[in-house]
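Undergrad: quick one: sequence plus predicted model below, questions after.
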Amino acid sequence: MNTQAAALPNVGQPPPLRHETTAGNYFVANYPPFAFWKPEFVPEFFEALERPPLPQADAHTAPLGLYTHIPFCRKRCHFCYFKVYTDKDSSEVRGYLDALLKELTVYAHKPVIGRRKPKFIYFGGGTPSYLSPDQLRHLTDGMKHLLPWDEAEEVTFEAEPGTLTDHKLKAIRDLGITRLSLGIEHFDDHILEINGRAHRSKEIARAYAYAREIGFPQINIDLIAGMVEETEDKWRETVSRAVELKPDSVTIYQMEVPYNTGIYQQMKAAGKLVAPVADWETKRRWVDYAYREFEKAGYTVTSGTTVVRDPAKVKFIYREGLFSGADILSIGVASFGHLNGVHYQNHHEFLPYVTAVNSGRLPVYRALTPTAEERYIREFMLGLKLWSVSAEHFTKKFGMDPRRQFAAPLARLKEWGFLADGGDRIGVTREGLLQIDRLLHEFFKPEHNVGRYA
Ligand code: SF4
């Protein structure tokens, strides 16, 4: 395994700072970056499917997670960078759900699945709650028939408040969902409207109250700091209303403006380089403010984007699996997964996806087999998003002490005042956590740092 220990630490230099929000992807979601996943590596993925599941370092088989992508929304938000469809009729939606089940059928019989059943399941999008109760039952009955959910410790379902009638909420709960994740984003109707959200605050109140009444085991709410026309007062009001709801957990994102958003299109048309949203320092301050308000209410900050009311009760099993290299069987248009050591992504357009599945082929568009060093970098970086990691765990798993493996980037973080290193734990300070995604680029191999955002 190559190490980064040989590289000279770039100590003494301040971290690159970017103030304004310009166009580009800020969040680090995977490694190596998606730009390095290629169609020519897809055969490696198909070969990996024919092998039994790889044992982990502790000789147990890797846990299996299942991600299902629902790409439909009522309306496209101006900041959205996902592939979503707002114009599909019910027969196209039904055709898509049948394609998902056909895709899952192919995987369910592959050696890579072995005897495994999913331990964690995630319905993301898009808007999974866009589907009707009948469509949801059709999909999930089919999924359970192929890969039973009786060993699933967590089933998460993303929902847009304006799609949630009482009838649908009951149906969603009865599917066996353990965490309802509500995409609230903000409580101010003007902010919601100007950013292109389909729902309004009345719908949030109604959906949240009924979801509580019928006893969802956990409710998460999503917020975004720094939407278009956000102000200090409006953010404080939104945080206050979020605290009042007493959700089990809250995910807070800092607004980014990738190239495929409506906001970027407007910037381009007007010849502007800076997005009409708050700068990064303001967004970090707003997230920090929210963290402190939630801490006053007894919550614990558990990651760069999450606060949790009761950490003993609320786990993010899917995220832990995703971050620690578990197998993630991912189905649906444009979805990302990882099986038997290979990253893969499906076709990102609706028609090629459905056509591939209906002609009996797996709809995989591109793939990449990370090296042992790249797997180490990926897991270590993603671990830092959760504050800190265990040096002993990584030494055992990857055969090299992370303090040696990552000597150079850790030295830079220390020089800049963002490193929290003590005993078995290697982590970041709170200030570092609030800007963790840009700091993670320090761990990238040089050839992967192209297009670095900040
Ligand atoms: S609801 Fe979510 S997925 Fe749908 S358009 Fe808005 S941001 Fe995108």
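TA: Thanks, I have it.

Undergrad: now the stretch 301-450 of the chain against the ligand: closest residue?
TA: Per Cβ to the nearest ligand atom, Ala334 is where the stretch 301-450 of the chain lies closest to the ligand, at 11.3 Å. Heads up, the C-betas are built off the backbone N, CA and C, glycines and all.

Undergrad: Glu232: neighbour count?
TA: 12 (other Cβ atoms under 10 Å).

Undergrad: now do the buried residues in stretch 163-178.
TA: Of the residues in stretch 163-178, Thr163, Leu164, Lys168, Leu169, Ala171, Ile172, Arg173, Leu175, Ile177, Thr178 count as buried by neighbour count, 16 or more other Cβ atoms under 10 Å.

Undergrad: and the contacts of it?
TA: If you take Cβ atoms under 8 Å, 6 or more residues apart in numbering as the criterion, stretch 163-178 is touched by 74, 127, 129-130, 132-133, 136-137, 140, 149, 152-157, 159, 180, 199, 203, 207, 210-211, 214-218.

Undergrad: cool, and stretch 24-38?
TA: With Cβ under 8 Å, 6+ apart as the test, stretch 24-38 has contacts from 81, 253-254, 256-259, 336, 343-345, 366-368, 370, 374, 377-378, 381-382, 385, 437-438, 440-441, 444-445, 448, 450-451, 453-454.

Undergrad: can you check stretch 370-377 too?
TA: 1-3, 31-32, 325, 341, 343, 378, 394, 398, 400, 405, 443-445.

Undergrad: and for stretch 324-332?
TA: 53, 62-71, 100, 103-104, 107, 112-113, 116, 118-119, 321-322, 336-340, 344, 346, 353, 375, 378-379, 382-383.

Undergrad: so Val257 sits against Glu20, correct?
TA: No - taking contacts as Cβ atoms under 8 Å, Val257 lies outside contact range of Glu20: 10.4 Å.

Undergrad: more neighbours: which of those two?
TA: Val257 (26 against 12).

Undergrad: got the contact list for the more buried one?
TA: Listed by Cβ under 8 Å, 6+ apart, the contact partners of Val257 are Thr21, Thr22, Ala23, Gly24, Phe79, Ile263, Tyr264, Met267, Ala275, Val277.

Undergrad: which residues does it bridge with?
TA: Ala23, Gly24 (DSSP bridges).

Undergrad: and the protein, which residues reach the ligand?
TA: By the criterion of Cβ under 6 Å from any ligand atom, the positions of the chain lying close to the ligand are Cys73, Arg76, Cys77, Cys80, Phe82, Val84, Gly125, Gly126, Thr127, Glu160, Gly183.

Undergrad: which among these count as buried?
TA: Cys73, Cys77, Cys80, Phe82, Val84, Gly125, Gly126, Thr127, Glu160, Gly183.

Undergrad: quick one, which of the residues you listed has the minimum pLDDT?
TA: Model confidence across these bottoms out at Phe82, which has 88.

Undergrad: just the element for that residue, please.
TA: Per DSSP states H and E: Phe82 is located in neither a helix nor a strand.

Undergrad: quick one, what contacts it?
TA: Phe82 neighbours (Cβ under 8 Å, 6+ apart): Pro71, Gly125, Gly126, Ala334.

Undergrad: tell me which two in these are the farthest apart.
TA: By the measure Cβ to Cβ, those have their two most distant members at Gly125 and Ala334, which lie 10.3 Å apart.

Undergrad: common neighbours of those two, please.
TA: Looking at what touches both Gly125 and Ala334 (by Cβ under 8 Å, 6+ apart), the common residues are His69, Pro71, Phe82.

Undergrad: for the longest helix seen in the chain, enumerate the helices and strands it packs against.
TA: Counting by DSSP state H, the longest helix found in the chain is helix 90-108. Counting contacts by 3 or more Cβ pairs under 8 Å, 6 or more residues apart in numbering; DSSP states H and E, helix 90-108 packs against helix 133-146, strand 327-331, helix 350-358.

Undergrad: can I get those in JSON lines with mean neighbour count and mean pLDDT?
TA: Listed next are these as JSON lines, based on neighbours: other Cβ atoms under 10 Å; pLDDT from 0 to 100:
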{"stretch": "helix 133-146", "mean neighbour count": "17", "mean pLDDT": "98"}
{"stretch": "strand 327-331", "mean neighbour count": "24", "mean pLDDT": "97"}
{"stretch": "helix 350-358", "mean neighbour count": "18", "mean pLDDT": "96"}
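
Undergrad: would JSON lines of those with distance to Val228 be doable?
TA: As requested, the helices and strands packed on helix 90-108 are exported to JSON lines (distance: least, Cβ to Cβ, whole Å):
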{"stretch": "helix 133-146", "distance to Val228": "32"}
{"stretch": "strand 327-331", "distance to Val228": "31"}
{"stretch": "helix 350-358", "distance to Val228": "28"}
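
Undergrad: for Trp416, find the nearest of the ones you listed.
TA: Of all the helices and strands packed on helix 90-108, strand 327-331 sits nearest to Trp416, with 32.8 Å by Cβ to Cβ.

Undergrad: by how many degrees do the closest one and helix 350-358 diverge?
TA: On the basis of axes from the mean of the first three to the mean of the last three Cα atoms, to 10 degrees, strand 327-331 is oriented at 110 degrees to helix 350-358.

Undergrad: quick one: Phe380 from Ala35, how far?
TA: 21 Å (Cβ to Cβ, to the nearest Å).

Undergrad: of the two, who's got more company?
TA: Phe380 (21 against 10).

Undergrad: hmm, the more buried one is touching Phe444, no?
TA: No - with contact defined as Cβ under 8 Å, Phe380 does not count as touching Phe444 (11.4 Å).

Undergrad: residue contacts, Ser303?
TA: Lys385, Leu386, Trp387, Leu433.

Undergrad: the same query, at a cut-off of 7 Å, please.
TA: Ser303 makes contact with Lys385, Leu386, Trp387 under the criterion Cβ atoms under 7 Å, 6 or more residues apart in numbering.

Undergrad: now it: how far from Trp387?
TA: In terms of Cβ to Cβ, Ser303 sits 7 Å off from Trp387.
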